[in-house]
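A.B. asks: sequence first, then the predicted structure:
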Amino acid sequence: MTVTTAGPDPVPDRAAGEPAVVVESVSRRFVRRRGPFRPARVVDALDGVSLTVPRGARFGIVGESGSGKTTLMKIIAGLDAPTSGRVTVAGTDVTGRSGRQLDDLRRRLQVVFQDPMGSLDPRMRIGQIVAEPLQAQGRPGVREAVDRALRQVGLDPAIAGRYPHQFSGGQRQRISIARAVAPDPEILIADEAVSALDVTVRATILELLETIAAERSLTLIFVSHDLSVIRRVCDRVAVLRAGHLVEAGPTEQVWSHPQDAYTRGLLAAVPTLDRALAAARQRAGGAGGTGVAGVAGGTAPGRAGVAAGEPAGAPARQRAGGDPGAGSGS
Ligand SMILES: Nc1ncnc2c1ncn2[C@@H]1O[C@H](COP(=O)(O)OP(=O)(O)OP(=O)(O)O)[C@@H](O)[C@H]1O
């Protein structure tokens, strides 16, 4: 498969040294067995994909549903193994590793998933949830790291004693992000991390991810079907189609001069986040509308200790560091 690169690359690597991730000729074939009502089927979810994620980049992986984004993300994160090919993370070949061998990768790389309710254990308190990866790695100073991570995502550490159901969708995603960044990874993968959120909440979570990536000098790999989200967050983008990499390059070049017809089609078809945001603001009665869809029910005790709702356009940077007046906690 020939990959079209969008001209010379004007985006400098933010840090010298080896790339964060190198994917070489990775293929992943799934064989679905015959069922009572369906024939056997072979799916080539990825077919010879190669790409390089420079250290410190904000790298987008985009494509339609079924294009192989999640499969690629899982292989980079060590959650699945390729049928063939090689993946190197921060200079270490992680292909085919399992169990203990993946511990080092876990220290370096964390993932934020789409559905925070599905990825946060409802029986665990927030403090335990955020502490879990730190404890699994035997890290010292767990309490301080949990408090720091919660503050960094704009949540009062006093919420540590509460449960996921006491929070809104946006707040739960903040908790997921706190859990992911608490172990201080080098690489953060966000897999459709804002897709399930209300559009105004989405904007604040995107801003939060950008802020945290900058503050912690993270490499951010952003997996999304939404090119407008990718454009906002990412300095580079790789476009997948049916398991093939069809185009890769600096985001603005791919945006302004898409080389592949598939990319042009994607660009034409996707409504922009900016347009959706403007429409949401209009519905809310002008700029600065609260747009708090998804906030936990009024009587939920979880509301008291956190920034209430997710005000549209409120800069995450202002909230990062915690709001001492954000409530009394439990
Ligand atoms: N465990 C599996 N068994 C069989 N087929 C699979 C499996 N996982 C993924 N696939 C298939 O591989 C292809 C790529 O799936 P993948 O989930 O990676 O795409 P995607 O771009 O992330 O799509 P979406 O945005 O809908 O999640 C699809 O055809 C999917 O049905």
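C.D. replies: Arrived safely, thanks for sending.

A.B. asks: the residue of the stretch 201-330 of the chain at minimum distance from the ligand and Arg172, how far apart?
C.D. replies: Here the residue of the stretch 201-330 of the chain nearest the ligand is His225; by C-beta to the nearest ligand atom that distance is 5.3 Å. Using the backbone N, CA and C atoms, a C-beta is placed for each residue, glycine as well. Summarising the geometry, the distance separating His225 from Arg172, computed by C-beta to C-beta, to the nearest Å, is 21 Å.

A.B. asks: looking at these two, which is more packed in?
C.D. replies: Set side by side, His225 and Arg172 show unequal neighbour counts under other C-beta atoms under 10 Å, the larger going to Arg172 at 24 against 18.

A.B. asks: hmm, back to that, got the contact list for the residue of the stretch 201-330 of the chain closest to the ligand?
C.D. replies: Neighbouring residues of His225 by C-beta atoms under 8 Å, 6 or more residues apart in numbering: Val62, Gly63, Glu64, Ser65, Lys69, Glu192, Ser195.

A.B. asks: who wins for neighbours among those residues?
C.D. replies: Across the contacts of His225, neighbour numbers were computed from other C-beta under 10 Å; Val62 holds the maximum, 27 neighbours.

A.B. asks: and the helices in the chain?
C.D. replies: 69-76, 103-108, 116-119, 126-136, 142-152, 169-181, 199-215, 227-233, 251-256, 261-269, 273-283, 316-319 (DSSP state H).

A.B. asks: most tightly surrounded among the ones you listed?
C.D. replies: helix 169-181 (a mean of 26; mean count of other C-beta atoms under 10 Å).

A.B. asks: output the contacting helices and strands for that helix.
C.D. replies: Here helix 169-181 touches strand 109-112, helix 116-119, helix 126-136, helix 142-152, helix 199-215, going by 3 or more C-beta pairs under 8 Å, 6 or more residues apart in numbering; DSSP states H and E.

A.B. asks: so where is the stretch 51-200 of the chain shaky, pLDDT-wise?
C.D. replies: When residues are selected by pLDDT under 70, those of the stretch 51-200 of the chain lie in 116.

A.B. asks: how about the residues of the stretch 1-150 of the chain by the ligand?
C.D. replies: By C-beta under 6 Å from any ligand atom, the residues of the stretch 1-150 of the chain that approach the ligand are Phe30, Arg32, Val43, Ala45, Gly63, Ser65, Gly66, Ser67, Gly68, Lys69, Thr70, Thr71.

A.B. asks: determine which two of those residues are furthest apart.
C.D. replies: Within those, Arg32 and Gly63 form the most distant pair, 20.7 Å apart (C-beta to C-beta).

A.B. asks: what about stretch 78-88, distance to the chain center?
C.D. replies: 20 Å (C-alpha atoms, centre = their mean, to the nearest Å).

A.B. asks: pretty sure Leu208 is touching Ile177, no?
C.D. replies: Yes: using C-beta atoms under 8 Å as the test, Leu208 is close enough to Ile177 to be in contact (6.7 Å).
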